[in-house]
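Enquirer: just coords:
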């Protein structure tokens, strides 16, 4: 069974930002993980998909549960920038909110003063957030180990869906057979859009639909996205941030 963005983990971050006592927070998080790990039925495993604001807790949570394994899923920079541009004003507001959060949590990449951050375009701000998350993921892998943590980019995920589910089954010890994997691939997780409102949930949304959608975004914002992607790679190189995270799931 899967749990999507449990609010209690968001609360842990909110509490931390308000100056929580570290020992009390660890105790509360340990108890929260115990509650979240209880399946509703005869499920073999509980898999949690936290909100991205919970990423600073990843290392501590994985250390608390040494038997747990994790997948770090991310979008390549070009695809990420297209998804932000597609959302127009709301996407641009969101990436600035994410940057504020990374600054509060102390893991925003360095090299930029507050004044310089204000001078960046919306998509450059998005790229700074992307790089900060990327650098944090690298620390998770380094501290927890490649045997317990794997990485996956969204293009590979959508392009090799059956192989991805089979590899995840092995990582999490689920023992899924071919029929079960096929049922997942043909189910709503791979044929509908999780972000659409309820009235549009029935619309088909697959890898082909996503590619067509991104091509439309590129027609309008392609030049800016290309420039920001090039700039992002230069910033990553200057700060020693690996653009391609290892070890990959596939």
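Expert: Thanks, I have it. Note that the structure is predicted; figures quoted are calculated from it, not measured.
Enquirer: how long is stretch 175-191 from one end to the other?
Expert: 23 Å (Cα to Cα, to the nearest Å).
Enquirer: can you give me the mean pLDDT across it?
Expert: Throughout stretch 175-191, pLDDT has a mean value of 90.
Enquirer: buried set for the longest helix along the chain?
Expert: Across the chain, the longest stretch assigned as helix under DSSP state H is helix 207-238. Neighbour-count burial for helix 207-238 flags 210, 214, 217-218, 221, 225, 228-229, 231-232, 235-236 (criterion: 16 or more other Cβ atoms under 10 Å). Using the backbone N, CA and C atoms, a C-beta is placed for each residue, glycine as well.
Enquirer: now, among these, which is nearest to residue 78?
Expert: Closest approach to residue 78 among the buried residues of helix 207-238 (Cβ to Cβ): residue 229, at 5.1 Å.
Enquirer: The closest one is in contact with residue 77, isn't it?
Expert: Yes. Between residue 229 and residue 77 there is a contact under Cβ atoms under 8 Å: 5.1 Å.
Enquirer: and for those two, which residues touch both?
Expert: By Cβ atoms under 8 Å, 6 or more residues apart in numbering, residue 229 and residue 77 have these common neighbours: residue 127.
Enquirer: okay, and the helix or strand of the chain with the least pLDDT?
Expert: Every helix and strand of the chain was ranked by mean pLDDT, DSSP states H and E. The lowest is helix 207-238, at a mean of 86.
Enquirer: and it, how far from the chain's centre?
Expert: Its chain's average C-alpha position is 18 Å from that of helix 207-238, according to Cα atoms, centre = their mean, to the nearest Å.
Enquirer: Which strands or helices does that helix pack on?
Expert: If contacts are counted by 3 or more Cβ pairs under 8 Å, 6 or more residues apart in numbering; DSSP states H and E, helix 207-238 sits against helix 77-86, helix 122-144, helix 154-159.
Enquirer: And for the shortest one, what's in contact with it?
Expert: With Cβ under 8 Å, 6+ apart as the test, helix 154-159 has contacts from 73-76, 79, 164, 207, 210, 248-250.
Enquirer: Swap in 6 Å and give it another go.
Expert: Contact with helix 154-159 is made by 75-76, 164, 207, 250, as judged by Cβ atoms under 6 Å, 6 or more residues apart in numbering.
Enquirer: quick check: mean pLDDT across it?
Expert: Mean predicted lDDT for helix 154-159 stands at 90.
Enquirer: That one: what's the following helix or strand?
Expert: helix 161-171 (DSSP states H and E).
Enquirer: in the helix or strand just after that following helix, what's buried?
Expert: Moving toward the C-terminus from helix 161-171, the next helix or strand (DSSP H and E) is helix 178-185. For helix 178-185, the neighbour count (16+ other Cβ under 10 Å) marks 181, 184 as buried.
Enquirer: Any stretches of the protein with poor pLDDT?
Expert: 193-207 (pLDDT under 70).
Enquirer: can you tell me the distance between the two ends of stretch 31-42?
Expert: Stretch 31-42: ends 22 Å apart by Cα to Cα.
Enquirer: Outside of it itself, list whatever touches it.
Expert: In this structure, residues lying in contact with stretch 31-42 by Cβ under 6 Å, 6+ apart are 1, 6, 8, 46.
Enquirer: The second one: neighbour count?
Expert: Around residue 6 there are 18 other residues, counting by other Cβ atoms under 10 Å.
Enquirer: Domains of this structure: list them as residue ranges, please.
Expert: 1-68, 75-250 (automatic domain parsing).
Enquirer: so how far is the first one from its chain's centroid?
Expert: With Cα atoms, centre = their mean as the basis, the distance from the averaged C-alpha position of domain 1-68 to the chain average is 15 Å.
Enquirer: Likewise for the longest one?
Expert: Relative to its chain's centre, domain 75-250 lies at 6 Å (Cα atoms, centre = their mean).
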